[in-house]
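1. build me a structure from this.
(one chain, ligands or ions: 1)
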Amino acid sequence: MSIQDKIQHADWQEEKHVPVIDCPDELEKDQFTCVTVTLGKAVAHPNTTEHHIRWIGVYFEPDGDKFVHDLGSFEFNAHGESTKGANEGPVYTHHEASFSFKTSSAGTLTAVAYCNIHGLWESSKRIELK
Ligand code: FE2
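-> Got it, this is the predicted structure:
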């Protein structure tokens, strides 16, 4: 068994766990561009103490590169926890991350999201340069 056997894929428009990568399809070479990664855009994912998205990791694989590059890891650590009980707290983080990156090469963005109940989910987006 490999961990990759446990990473699930699906159409984000039908499956609430699939990360959605929002950025232009074509980027300006070596110019910082904002990327937003979230999930549940079509079918909302719960955000409760018992059931939530714990983190999203984002990677970039330049064409022809042997390795992927880690662009960032984003943790979502507040889900209504409280001394009063589950979901009684006043604070929640939403499973959405925005950041900027630049590249000198076309390639593939990949996002991996972790649901505390339903495991690992992945999606990718092709990036071209203008
Ligand atoms: Fe889930």
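2. model confidence over stretch 108-127, on average?
-> With pLDDT averaged residue by residue, stretch 108-127 scores 98.
3. give me the contacts around it.
-> 3, 6-10, 12, 15, 17-21, 23, 25-27, 35, 37, 39, 45, 50-61, 68, 71, 95, 103, 106-107 (Cβ atoms under 8 Å, 6 or more residues apart in numbering). Just so you know, the C-beta spots here come from the backbone N, C-alpha and C atoms, and that holds for glycine as well.
4. ok, now stretch 61-70?
-> By Cβ under 8 Å, 6+ apart, stretch 61-70 touches 57-60, 103-108, 110.
5. that one: end-to-end distance?
-> One end of stretch 61-70 to the other measures 9 Å (Cα to Cα, to the nearest Å).
6. again, but for stretch 29-42
-> 31 Å.
7. kindly report the residues of the chain close to the ion.
-> 115, 117-118 (Cβ under 5 Å from the ion).
8. run the last query once more with 8 Å
-> 16-17, 45-46, 51-53, 115-118 (Cβ under 8 Å from the ion).
9. and these, which two are the farthest apart?
-> Using Cβ to Cβ, the residues of the chain next to the ion span at most 13.8 Å, a distance reached by 16 and 116.
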